[in-house]
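**Q** pasting a predicted model and its sequence here:
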Amino acid sequence: MQTASDPNSIVDVQGYEDERHIAIDKVGVKNVTYPMTLKTRDGDSQSTVAKVNMYVALPHHQKGTHMSRFLEVLNDHRSEPLTPDRIPEVTAAIRDRLNAETAHFEASFTYFMCKKAPVTEMKGLMDYEVTFECEANGSPETSSFIIGVAAPATSLCPCSKEISEYGAHNQRCRISARVKFEGTLWIEDLVETLESAASSPVYAVLKRPDEKFVTEAAYDNPKFVEDIIRDLALALDKDDRISWYEIDSENFESIHSHNAYAQITRDKS
């Protein structure tokens, strides 16, 4: 007789044979709230809370995966802070625990950087969208780890500057990059590369001298969305640490009802 107190006697429906014979690329759990600890480039550390997704590939013959085991793996690793260098270890543990061919781990969170205004040097905290993506498939050659960063910036329209007598229209833009790399790549490194591709960075705190500097800097450095994405590609091409990238820029137009967008993907290997 089966009893609830005896887990081995309870029917495992997920383990049943599935007669449809359709494999599933990713199945698992999404939006798990979990703490993370990050090292910063200046040698300090930063605590944050991430939204975590965990998946495995499900073979065609298996009815379902065991959702609770994803959380069990996270709990098994809770004795130490979840840091970026431990994510491949956790992803490999998911793959082993669920007896899967491939496992995926994704974490998205907000990362803060203290940024000085360009003239007054007033300090303010800037927030950036960051993602970590890891795939473990049992082969070091084809397993991967990707860092993604999105940064706000300013773009000023070259055409508007050329044809207007009283200035040029500018807009906020969102520039993002997902990269594969070798060695050490800090979030701060990627943020600075993204911001350098725009007409001007944006800041958390600006006094009047700073506003004057930023608006004039953007006016002297007009860029279409195409210019931003090409300049970003050139910068990433020069960085020997980066082997693959997917980049895009979306300009939130100030005089149009639509946005401008550009995207490039390149494998440097």
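**A** On my side now, so go ahead.
**Q** low-scoring stretches of the stretch 1-150 of the chain, by residue?
**A** The stretch 1-150 of the chain contains residues with pLDDT under 70 at 1-16.
**Q** if we use 50, what do you get?
**A** 1-3 (pLDDT under 50).
**Q** which parts of the stretch 101-250 of the chain are helices?
**A** Using DSSP state H, counting those that start in this stretch, the helices of the stretch 101-250 of the chain run over 158-163, 187-196, 208-219, 225-238.
**Q** out of these, the one nearest Ala103 is which?
**A** helix 187-196 (23.8 Å; CB to CB). Every C-beta, even on glycine, is put in place using the N, C-alpha and C of the backbone.
**Q** care to break this protein down by domain?
**A** Taking automatic domain parsing as the reference, the chain has its domains at 21-142, 151-269.
**Q** save the ones you listed as a markdown table, and put in mean neighbour count too.
**A** As requested, the domains of the chain are exported to a markdown table (neighbours: other CB atoms under 10 Å):
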| stretch | mean neighbour count |
| --- | --- |
| domain 21-142 | 16 |
| domain 151-269 | 17 |
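**Q** returning to what we had before: now render the helices of the stretch 101-250 of the chain as TSV, adding distance to Ile146 and mean pLDDT.
**A** Below are the helices of the stretch 101-250 of the chain laid out as TSV (distance: least, CB to CB, whole Å; pLDDT from 0 to 100):
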stretch	distance to Ile146	mean pLDDT
helix 158-163	32	92
helix 187-196	11	97
helix 208-219	31	96
helix 225-238	13	98
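**Q** who's in contact with Glu211?
**A** Applying CB atoms under 8 Å, 6 or more residues apart in numbering to Glu211 gives no contacts.
**Q** where do the strands sit along this structure?
**A** Taking DSSP state E as the test, the strands found in the chain are 24-39, 45-58, 103-116, 123-136, 144-156, 170-181, 200-201, 242-252, 260-267.
**Q** what is the first one packed up against?
**A** When you say that, I think you mean strand 24-39. strand 45-58, helix 67-76, strand 103-116 (3 or more CB pairs under 8 Å, 6 or more residues apart in numbering; DSSP states H and E).
**Q** export the ones you listed to CSV and tack on distance to Leu194?
**A** Output for the helices and strands packed on strand 24-39, formatted as CSV (distance: least, CB to CB, whole Å):
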stretch, distance to Leu194
strand 45-58, 19
helix 67-76, 30
strand 103-116, 12
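**Q** and of those, who's closest to Glu19?
**A** Evaluated over the helices and strands packed on strand 24-39, closeness to Glu19 peaks at strand 45-58, with 14.5 Å, by CB to CB.
**Q** the closest one: how far from the chain's middle?
**A** Centroid separation for strand 45-58 versus its chain: 11 Å, with CA atoms, centre = their mean, to the nearest Å.
**Q** ok, stretch 51-69 next?
**A** Going by CA atoms, centre = their mean, the spacing between the C-alpha centre of stretch 51-69 and its chain's C-alpha centre is 23 Å.
**Q** same check, this time on stretch 24-41
**A** 11 Å.
**Q** contacts for it?
**A** 45-58, 64-65, 67, 70-71, 74, 81-84, 104, 107, 109, 111, 186-189.
**Q** stretch 155-167 too?
**A** Residues outside stretch 155-167 that contact it (CB under 8 Å, 6+ apart) are 168-171, 173, 198-200, 218-219, 221-225, 227-228, 249, 251, 255.
**Q** need the contact list for Asp239.
**A** Thr193.
**Q** mind checking how far it is from Ile87?
**A** Using CB to CB, to the nearest Å, Asp239 is found at 22 Å from Ile87.
**Q** cool, and Ala168?
**A** 43 Å.
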